[in-house]
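In: return atomic coordinates for the entry below.
(chains A and B)
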Protein chains: 2
Amino acid sequence: MWLNGEEVPFEDNPRAMRCLKALQRLALAKGESLKFPLEWKLHIVSRNNFPTAAGLASSAAGYACLVYTLATLYGIQDEELTAIARQGSGSACRSLHGGFVHWHKGEASDGSDSIALPVVTSAHWPNMHVLILVVNDSRKKTSSTKGMQRAVETSDLIKYRAKQCVPQRIQAITEAIKQRDFETFANITMQDSNQFHAIALDTFPPCVYMNDVSHAIVSFVHAFNAAVGHIRVAYTFDAGPNACLYVLKEHVPSVLQAIHTSFPNDAAGSVEYVKGIPIDGTASPSSTPTTADAILNGNFTLPTNERNLLKYIIHTKVGLGPQRLTKTDSLLNPSTGLPY
Amino acid sequence: MWLNGEEVPFEDNPRAMRCLKALQRLALAKGESLKFPLEWKLHIVSRNNFPTAAGLASSAAGYACLVYTLATLYGIQDEELTAIARQGSGSACRSLHGGFVHWHKGEASDGSDSIALPVVTSAHWPNMHVLILVVNDSRKKTSSTKGMQRAVETSDLIKYRAKQCVPQRIQAITEAIKQRDFETFANITMQDSNQFHAIALDTFPPCVYMNDVSHAIVSFVHAFNAAVGHIRVAYTFDAGPNACLYVLKEHVPSVLQAIHTSFPNDAAGSVEYVKGIPIDGTASPSSTPTTADAILNGNFTLPTNERNLLKYIIHTKVGLGPQRLTKTDSLLNPSTGLPY
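Out: Residues are numbered from 1 along each chain as shown, chains lettered A, B, ... in the order given. Here you go, the predicted model:
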């Protein structure tokens, strides 16, 4: 098995082995075991263009890709695979579907009914874009799986969150997504991110995933929204310091310009600094005035931070889920010639 | 009114005015208004040797001092004054008593029965010492009063904390203090500090008082305790980034040496770096080996942080509460000739 250019014996990865065995059992049960004989050896090459172990769900993407690809090989790609993907990485179950996905907690004690189901496809809200702000951080990480286990064992507040807060929010945000109601979606997203990190802090010893730069991004988002007078940007932080900002496509240039103003960066002019979906010219730091400048000239000012707090920015959008590419498909961005 | 060498018109401080008026009403009701006629003008000079507006309860100390001194002037120092002090700064009600104090939340909607009562005097646990680590921080502060208001309005988790967690913990920590059970006291103190900051984060927009250095101190404390195999140090953070560490007197030298190791500081040799109660020679960074060195030579290592993350350290202990000094009393530390 090749992971990002490094050879890793498959047997040394018990989580990947668990997924493989579960898929082989399913193939056998479905009578599909002859499509690709189970005793045949596998040569797996994995390549990732996303930061790994940075709390950006790279393991979710990796295990979703592995499970989908093996399932396709064994001819069982139309089966319910999310419970199998969850054995690789909890959140991998969400990544098997495109668009917006609801991970149901289920009731069974063995977790067998804890599956992910699509809410709407990515085509439902095509202008829902994402800016990922990757921050510089050197602290020792707590793995999200270990952190969650410790939270369940030691946090008093998690009980209330799981029973009272989460079910209400799931219902409200699902409705907001269906209605394409950005402001409601944004407020719930931010409040729930904060509450997740509150629970991490209530864990003993505490788990701290956000750092001072993460909190500076939070302050920036609240200041930006207050300045505009609308909720234009929402932040969410997973088990790491990097921010995931939701922004509608039409507001990406002005938000990005405000980010350049509030988080000045020596690399801001470089093609490597803002990766992913190309942004039209008005978003470069040296461009013509936009909303962000108007804000700065008004009664509101955005916080100004030290230089170079961000490593780089990824511009992306809600995706399609795992795809089988044909030989003519390309993983390269046609406008830059670089991988997406 | 002189505050730390700066003249402030008393009328410009509505909270101080509220305390004064309440004390004058009480003096009138008690028939003590003739001891110092209420219509006489007051010249108040206040001096503070503690960092202000740093989340170290300096306003609590200030208002407790003001209320106690005015009450003494008006001859009502033996009345219940904590509800009056609370009108200056919420936590000032606690600072009117020495030793360990319980601030009762009360039931009345006007807060009139929200008073502080002593648990035990400082003589009950004389070796309970405190190391305050003052950290460098330049962020804009959220006042603790405003932060608390916003938490009550926007946090879902605060309801559960107030109803379920706090009453249990108050009972358990009161018992631990009475029994001088340091480990139980320490665990509750740390868990409750973390939960307070979890609630601050669950507030919307979130209140963030701790910074990366605060969290590095938390990691240090957990690592130190794990290395020693006992809970020797407890942290608590108020509405700011500075740490208040509880340590029994006999462990202060070894803990301080471990702090010097984990938080190296160019000023560590200076008399200005560790202020307050003098520490015997073994605690200086260049001294003979202590427990801290033994730890570093064992299986455990303490985290090593960047240099100069701490501004200075204050060594103090549980105090007596407000005192009226006679002319022969001195505010100077006899061993250094400097103010405490």
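
In: wait, a helix at residue A:240?
Out: No - Residue A:240 is assigned coil when assessed by DSSP: H, G, I helix; E, B strand; the rest coil, not a helix.

In: and the nearest residue in space to residue A:313 that is not next to it in sequence, what does it touch?
Out: Closest residue to residue A:313 apart from its sequence neighbours, by C-beta to C-beta, 6 or more residues apart in numbering or on different chains: residue A:274 at 4.8 Å. Any C-beta I mention is one placed from the backbone N, CA and C, and that applies to glycine too. Remark: with contacts taken as C-beta atoms under 8 Å, 6 or more residues apart in numbering or on different chains, residue A:274 is in contact with A:256, A:283, A:312-315.

In: in stretch A:42-52, which residues are buried?
Out: By neighbour count on 16 or more other C-beta atoms under 10 Å in any protein chain shown, the buried set for stretch A:42-52 is A:46, A:50-51.

In: what's the closest of the residues you listed to residue A:61?
Out: Set against residue A:61, the nearest of the buried residues of stretch A:42-52 by C-beta to C-beta is residue A:50 (6.5 Å).

In: please report how far the closest one lies from chain B.
Out: 25 Å (C-beta to the nearest C-beta, to the nearest Å).

In: list the buried residues in stretch A:230-248.
Out: Buried, per 16+ other C-beta under 10 Å, within stretch A:230-248: A:231-248.

In: just stretch A:209-226 next, same as before
Out: Neighbour-count burial for stretch A:209-226 [16+ other C-beta under 10 Å]: A:209-225.

In: next SSE downstream of the helix or strand of chain A with the lowest mean pLDDT?
Out: Least confident helix or strand, chain A: helix A:291-297 with a mean of 51, by mean pLDDT, DSSP states H and E. With elements assigned by DSSP states H and E, the helix or strand that comes after helix A:291-297 is strand A:310-317.

In: that next one - what's its average pLDDT?
Out: Across strand A:310-317, pLDDT averages out at 94.

In: same question, stretch A:29-48
Out: 83.

In: from the chain's centre, how far out does it sit?
Out: Mean C-alpha position of stretch A:29-48 versus that of the full chain (C-alpha atoms, centre = their mean, to the nearest Å) differs by 28 Å.

In: what distance separates the opening and closing residues of it?
Out: 32 Å (C-alpha to C-alpha, to the nearest Å).

In: ok, stretch A:114-132 next?
Out: 28 Å.

In: next step: the buried residues of stretch A:230-248 restricted to strands.
Out: A:233-237, A:243-248 (DSSP state E).

In: out of these, which comes closest to residue B:97?
Out: Distances from residue B:97 to these, taken by C-beta to C-beta, are shortest for residue A:237, at 41.5 Å.

In: state the mean pLDDT of stretch A:181-196.
Out: Mean predicted confidence for stretch A:181-196 is 98.

In: with stretch A:86-97 instead?
Out: The model assigns stretch A:86-97 a mean pLDDT of 88.

In: start and end of it, how far apart?
Out: 13 Å.

In: chain center to that stretch, what's the gap?
Out: 12 Å.

In: who's in contact with it?
Out: Counting by C-beta under 8 Å, 6+ apart, A:15-16, A:18-19, A:22, A:57, A:59-64, A:66-68, A:81-83, A:85, A:101, A:103, A:111, A:114-118, A:144-145, A:148, A:321-322 sit against stretch A:86-97.

In: and the longest helix seen in chain A, C-alpha only, in CSV?
Out: Taking DSSP state H as the criterion, chain A has its longest helix at helix A:182-202. C-alpha atoms of helix A:182-202 as CSV (Å, rounded to 0.1, in the frame of the first residue of the first chain):
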residue,chain,number,x,y,z
PHE,A,182,-27.3,31.2,4.6
GLU,A,183,-27.7,33.3,7.8
THR,A,184,-29.4,30.5,9.8
PHE,A,185,-26.9,27.9,8.5
ALA,A,186,-24.0,30.2,9.4
ASN,A,187,-25.2,31.0,12.9
ILE,A,188,-25.8,27.3,13.8
THR,A,189,-22.4,26.3,12.2
MET,A,190,-20.5,28.9,14.3
GLN,A,191,-22.4,28.2,17.6
ASP,A,192,-21.9,24.4,17.1
SER,A,193,-18.2,24.8,16.4
ASN,A,194,-17.8,26.8,19.6
GLN,A,195,-19.8,24.3,21.6
PHE,A,196,-17.7,21.4,20.3
HIS,A,197,-14.5,23.2,21.4
ALA,A,198,-16.2,24.1,24.7
ILE,A,199,-16.8,20.3,25.3
ALA,A,200,-13.1,19.7,24.4
LEU,A,201,-12.1,22.2,27.1
ASP,A,202,-14.5,20.6,29.6
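
In: ok, residue A:222 - contacts?
Out: Here residue A:222 is in contact with residue B:205 (C-beta under 8 Å, 6+ apart).

In: before we move on, back to that, ok, which pair from the ones in strands among the buried residues of stretch A:230-248 is furthest apart?
Out: Most distant of those, by C-beta to C-beta, are A:237 and A:248, 20.2 Å apart.

In: which one (most neighbours) among the contacts of residue A:274?
Out: residue A:256 (25 neighbours; other C-beta atoms under 10 Å in any protein chain shown).

In: hmm, residue A:129 and that one touching each other?
Out: No - contact criterion C-beta atoms under 8 Å: residue A:256 and residue A:129 do not qualify, at 10.3 Å.

In: measure the nearest residue to residue A:272 once chain neighbours are set aside to residue A:271 for me?
Out: Leaving aside its chain neighbours, residue A:272 sits nearest to residue A:312 (6.5 Å; criterion: C-beta to C-beta, 6+ apart). Distance from residue A:312 to residue A:271, counting by C-beta to C-beta, to the nearest Å: 11 Å.

In: quick check: residues of the stretch 51-200 of chain A near chain B?
Out: Within reach of chain B by C-beta under 8 Å from any C-beta of the partner chain, the stretch 51-200 of chain A has these residues: A:139, A:156-157, A:160-161, A:164-165, A:187, A:190-191, A:194-195, A:197-199.

In: mind running it again at 10 Å?
Out: Contact residues (C-beta under 10 Å from any C-beta of the partner chain) of the stretch 51-200 of chain A with chain B: A:137-140, A:154-161, A:163-165, A:168-169, A:187, A:190-191, A:193-200.

In: then the stretch 201-340 of chain A?
Out: A:201-206, A:208, A:210-216, A:218-219, A:221-223, A:225-226, A:241, A:303, A:306.

In: next, count neighbours for the residue nearest to residue A:134 when sequence neighbours are not counted.
Out: Spatial nearest neighbour of residue A:134, chain neighbours left out: residue A:311 (4.5 Å); criterion: C-beta to C-beta, 6+ apart. Residue A:311 sits with 17 neighbouring residues when counted by other C-beta under 10 Å.

In: from what I see, residue A:311 and residue A:243 are in contact.
Out: No - using C-beta atoms under 10 Å, residue A:311 makes no contact with residue A:243, being 11.7 Å away.

In: now do the shared contacts for the two.
Out: A:133-135, A:213 (C-beta atoms under 10 Å, 6 or more residues apart in numbering or on different chains).

In: what's the farthest-apart pair in those?
Out: A:134 and A:213, at 10.2 Å, using C-beta to C-beta across the shared contacts of residue A:311 and residue A:243.

In: what's the overlap in contacts for these two?
Out: With C-beta under 10 Å, 6+ apart, residue A:134 and residue A:213 have common neighbours A:241-243, A:310-311.

In: determine the three-state secondary structure at residue A:84.
Out: helix.

In: just give the nearest non-adjacent residue to residue A:223, would you?
Out: residue A:302 (5.3 Å).
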